[in-house]
Structure formats: C-alpha cells, structure tokens
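**Student:** What would the 3D arrangement of this be:
(chains A and B)
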Amino acid sequence: MNGIHDLGGLTGFGPVAREDDEPVFHADWQRRIFALNMASLAFLGPVDRARHAIERMNSFDYLATSYYEHWIAAIVTMAKDLGYVTDEEIETGRAGETKPLPHPAPNAEMVEGLIRGGMPANRDDVHLKPAFDLGARVRARHIEVAGHTRLARYVRGKVGVVTARHGCHVFPDTVAHDQGEHAQPLYTVRFEARELWGDNVSRRDCVYIDLWEAYLEPAHRGP
Amino acid sequence: MSEHDPDHDHHHDAPASPYHRSARPAERDKALAERVEKIESLLIAKGLVDKAALDKLVDIYENDLGPLNGARVVAHAWVDPDYRRRLLNNATAAIGELGFGGLQGEHMVVVENTPQVHNVVVCTLCSCYPWPVLGLPPTWYKDAAYRSRVVIDPRSVLTEFGTTVDDDVEVRVWDSSAEVRYLVLPERPAGTEHLSEDQLVKLIDRDSLIGVKKVLVS
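**Tutor:** Predicted structure coming up:
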C-alpha cells in the first residue's frame, strides 16, 4: 500500500530532534505495550502482520501519534482481526467469551529463548537460483501493491546495481497476509542519489536497500 | 539531562514531533496508561500473554541489551585484524563469537567507514534496528524527520549531529527494508594506538554505530 509510513525522500519534517541521555522507555505504559506486542506475537504474529497493522493506521493518526501509540494501534488491530478480542472488551478491559488458543502463551523462559535464538527469515531449504548476479543492473518494479510491501516508493521504477545476495528470505508481501512464505532471493541494491532524487544532488551519495527478487526486473539502461 | 524541546533547541520553525514527550501533555499520557492497562489485563485474562514473560521482556531490553555490545564488537575489530576480516565477511557469526545475537540480529551486516566512505543506517518504512548489538532505538531514529530525510539529504542530517563529511567522501545510506540489520564499523581515531580494548570501548557511542557520528577522542 502507498501508506504514510513510507517516508523515504520527504523533506518537510524539520530537523532531527534528539534527547541527551535518553532512557529506553519514557513512561511505564511504553514498557508494557512493548512487552505486550512482543509476547503476543506467538498468536498475533508474524512481525510482518504487526508492521502492516501499523501501516493501516489512518495517515493523519499515524503522523499525529507517537511511536508506542502505533504499537497500541497494532496490537488492537491484530487481536481484533484474528478474533481474539472485541472493541467492547478493549474499552472495558474485561474479557468476555474467549476463542480457544492453539497453545499456551510463551512463559518467561520461552520468551528469553526466543530473544537469544531469534527468528531467522532465511530458508536454506529453498533452492531457487537467483535471477541476478552481483553487479547486475536491475530496476525496482514500478508497481502498486495493495497490501503490505517492503518495496519503498522512492525506489520504484529506479535502476540500481546488485551489491549483495542473502540467499532466500521469506516474502513479507505474502507472509503479512497469511498467504505463505514464498521464500525467494533477497538482494542488496545500490542506487545512486542522482537516479533517486534528481540531477542536482550530490554525485557522491547513494542508498543501499534490500529488495526481494519479486520486486526486481532486469534493466538495460542507466543509471 | 532534561528532554529537548525540539522547537527551542534547533530551528524555531520546526514542527514539534508527536514522538517526543514534550509534545504529549500529562493527561494524554494518563489516558494511554489506562488504555494499555486495560489491554494488558484483557490479554492476560484471555491467556494470550503470560505476566512473567512480559516482565522478562522489559528486563532484557531495558537492562541487558544496549550499545555497549556493539561497542565491544567494534573495539575488538580495531585491535584484532583477523576478527575485523571475519566481521566484514560474516557479521552474524563474528558477532556471535562475542556472545551477541538473536532477535532482530539474525542476519547482520557490518559496513566499514574509511577515509573514502561514510556509512549511515536507517529504516525508512518503520524502525528496524539491530537489537542484540544496540538495544532498542532512540526516539529520533524512529521519528519522521530522520527516516524521511537521511536517504535524500544525508549530509544535512549528519551536520545536525555535528558530523562533517568532506565533499570527496562517498556517503552510503543503508535502508533496512528486509530482516538484514546493519552496524557501522567506524574509523578508529588517530592517537588511540596506546589504548587497550576496554579503553577503546568507552570511546564508542551508539550514534557512531548508527553512523550519524564519528568516533572522537574526547
């Protein structure tokens, strides 16, 4: 989707506002919503669904609210979509009828194991031959995607060069929508600043961005 | 130190970002606290989360994981050329050698600053960040100003951080759009040859590992 979250290349947000000696959390509710989102991913995940839940916020609300407020929106959206809670329950905090859970909630030990072990996105058992070699010129497809995608708008239609290949990684565009992993080659592609932003920008600058094979096509011209 | 008011510390015409506490009145914080409390008791009652697991999560990300881990990786690479090679070749494995890894660090890539190249990391689409080596990101990393501008105008963003990059140096911006996570290997400052690895660790701060600053000898 062409959501407001896709911010790369906008220039109207002013200077970067920093805070010295910033704490990890600024309020206890931020601690709690962080932990609630992480722990409930066992039922509400995968993480691509969580990212898409934030992207589906109304654009005005997205810009007007803070980071962890996005996480409140995400958990409510996911829990409602999957039928675990209702609006009324969220408003009151009181549980009504409860959909049976497929397994118990992860305990502290399991959560710690998940953090230490991680959730790798690569799939070594998928043996797709990458369509593009290192150094290949590729164009990021000029397409509109209705749902979740990691094809940032600012590279669509632009030509870059493959600088790294990362094996086959699960495809967020389908994973976020329960449409399967569709693991496929993941590339890092280098785009010159002039290709992305215009002829008047620094010749010396460039952006490297990770793109799945489905986002790419061969390019025969430029940059 | 107290929190900056973005309207007063920088440009007077800057919009106050809602990401910053200064833009969020106390009543709003109270309403959010009440809402989160309801969500928490509801999810516990429904069996979707375990209370002890929530506390464990907060404890790990508030107390265990932070930029000190990333600083250790960099200092080790500075004193051990073989380790530096392994780090640039297979960062996930090399970082694992020091005991760091896991969630949001499953696929690490380390990018090296040199006299010709300056690297800086962002996630324009959300706020992806290498948690095992840096902990959770600072507010500015998640905010619209940084995410939007650093790809199109990296040099002015770096200037705001007090970082000057010469015109003949290439600025490479790394947009973390997949599950690959990036860590910058800053240049070791001149005049630090006599310092031990532990002393070097103290010079390396979070911002230099994101790439918005260089490592300086204080």
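**Student:** going forward, measure contacts and count neighbours with C-alpha atoms only.
**Tutor:** Will do.
**Student:** Against chain B, how distant is A:Asp131?
**Tutor:** No Asp there; residue A:131 is Ala. 18 Å (C-alpha to the nearest C-alpha, to the nearest Å).
**Student:** What helix or strand is that residue located in?
**Tutor:** Following DSSP states H and E, one finds A:Ala131 outside all helices and strands.
**Student:** Around it, how many other residues sit close by?
**Tutor:** Using other C-alpha atoms under 10 Å in any protein chain shown, A:Ala131 has 11 neighbouring residues.
**Student:** show me the contacts for it.
**Tutor:** By C-alpha atoms under 8 Å, 6 or more residues apart in numbering or on different chains, the residues touching A:Ala131 are A:Glu213.
**Student:** Please pull out the lowest mean pLDDT helix or strand from chain B.
**Tutor:** helix B:6-9 (a mean of 42; mean pLDDT, DSSP states H and E).
**Student:** For residue 72, which non-adjacent residue is spatially closest?
**Tutor:** Using chain A here. With C-alpha to C-alpha, 6 or more residues apart in numbering or on different chains as the criterion, A:Ile72 has its nearest non-adjacent residue at 6.5 Å, and that residue is A:Ile33.
**Student:** To clarify, I was referring to chain B.
**Tutor:** B:Arg72's closest residue in space is B:Val201 (C-alpha to C-alpha, 6+ apart), at 5.7 Å.
**Student:** and the strand or helix carrying that neighbour, average pLDDT?
**Tutor:** B:Val201 belongs to helix B:197-203 when assigned by DSSP H and E. Averaged across helix B:197-203, the pLDDT comes to 98.
**Student:** Quick check: what element follows it along the chain?
**Tutor:** Past helix B:197-203, the next helix or strand by DSSP H and E is helix B:206-210.
**Student:** How many neighbouring residues does A:Glu55 have?
**Tutor:** A:Glu55: 24 neighbours (other C-alpha under 10 Å).
**Student:** so how far is chain B from it?
**Tutor:** 9 Å.
**Student:** you'd agree that residue is up against A:Asn2?
**Tutor:** No - applying C-alpha atoms under 8 Å as the test, A:Glu55 and A:Asn2 come out as separate, 9.1 Å apart.
**Student:** returning to that earlier point: check contacts around the residue nearest to A:Ile72.
**Tutor:** A:68, A:71-72, B:36, B:40 are the contacts of A:Ile33 under C-alpha under 8 Å, 6+ apart.
**Student:** Quickly check those residues for the two that are furthest apart.
**Tutor:** Largest separation among those by C-alpha to C-alpha: A:Tyr68 and B:Glu40, giving 14.5 Å.
**Student:** Let me know the secondary structure of the closest residue to B:Asn90 other than its chain neighbours.
**Tutor:** Using C-alpha to C-alpha, 6+ apart and skipping residues adjacent in sequence, the residue nearest B:Asn90 is B:Val109, 7.2 Å away. Put simply, B:Val109 is strand when judged by DSSP: H, G, I helix; E, B strand; the rest coil.
**Student:** what's near enough to touch B:Val109?
**Tutor:** The neighbours of B:Val109, taking C-alpha under 8 Å, 6+ apart as the test, are B:88, B:90-92, B:180-183.
**Student:** how close does it sit to A:Asp21?
**Tutor:** The gap separating B:Val109 from A:Asp21 is 27 Å, by C-alpha to C-alpha, to the nearest Å.
**Student:** Okay, now the unreliable bits of chain B?
**Tutor:** B:1-16, B:21 (pLDDT under 70).
**Student:** how does it divide into domains?
**Tutor:** As given by automatic domain parsing, the domain ranges for chain B are B:17-62, B:66-210.
**Student:** looking at those, which is buried most?
**Tutor:** Burial of the domains of chain B is given as mean neighbour count (mean count of other C-alpha atoms under 10 Å in any protein chain shown); domain B:66-210 ranks first at a mean of 20.
**Student:** Any chance you could list what contacts stretch B:210-218?
**Tutor:** With C-alpha under 8 Å, 6+ apart, stretch B:210-218 has contacts from B:118-122, B:157-158, B:161-163, B:183-184, B:186-189, B:192, B:203-205, B:207-208.
**Student:** re the thing from before, where does the residue nearest to A:Ile72 land in three-state SS?
**Tutor:** Applying three-state DSSP: A:Ile33 is helix.
**Student:** So for it, what pLDDT did the model give?
**Tutor:** Note for A:Ile33: predicted pLDDT of 98.
**Student:** what's the answer for A:Thr98, then?
**Tutor:** 84.
**Student:** what's the spacing between the nearest residue to it once chain neighbours are set aside and A:Thr174?
**Tutor:** In space, and not counting its chain neighbours, A:Thr98 is closest to B:Lys46: 6.3 Å by C-alpha to C-alpha, 6+ apart. Here the criterion is C-alpha to C-alpha. By it, B:Lys46 lies 28 Å from A:Thr174.
**Student:** Then B:Val180?
**Tutor:** B:Val180 is 18 Å from A:Thr174, where distance means C-alpha to C-alpha.
**Student:** In three-state terms, how would the closest residue to A:Val85 other than its chain neighbours be classified?
**Tutor:** Spatial nearest neighbour of A:Val85, excluding adjacent residues (C-alpha to C-alpha, 6+ apart): A:Ala79 at 5.7 Å. Judged by three-state DSSP, the three-state class of A:Ala79 is helix.
**Student:** A:Ala79 - how many residues pack around it?
**Tutor:** 20.
**Student:** That one touches A:Leu41, doesn't it?
**Tutor:** No - taking contacts as C-alpha under 8 Å, A:Ala79 lies outside contact range of A:Leu41: 10.1 Å.
**Student:** Quick check: neighbours shared by those two?
**Tutor:** By C-alpha under 8 Å, 6+ apart, no residue touches both A:Ala79 and A:Leu41.
**Student:** Which segments of chain A make up each domain?
**Tutor:** If you go by automatic domain parsing, chain A breaks into A:28-117, A:137-218.
**Student:** Who are the contact partners of B:Arg172?
**Tutor:** A:205-208, B:117-120.
**Student:** now with 10 Å?
**Tutor:** A:190-193, A:204-208, B:111, B:113, B:117-121, B:151, B:154, B:211 (C-alpha atoms under 10 Å, 6 or more residues apart in numbering or on different chains).
**Student:** ok, now how distant is the residue nearest the centre of chain A from A:Tyr84?
**Tutor:** What sits nearest the mean C-alpha location of chain A, by C-alpha atoms, centre = their mean, is A:Arg51, with 5.0 Å. Distance, A:Arg51 to A:Tyr84, using C-alpha to C-alpha: 19 Å.
**Student:** Please apply the same query to B:Glu62.
**Tutor:** With C-alpha to C-alpha as the criterion, B:Glu62 and A:Tyr84 are 29 Å apart.
**Student:** need the next SSE after the longest helix seen in chain B, C-terminal direction.
**Tutor:** Longest among the helix segments of chain B by residue count, using DSSP state H, is helix B:26-45. Moving toward the C-terminus from helix B:26-45, the next helix or strand (DSSP H and E) is helix B:51-59.
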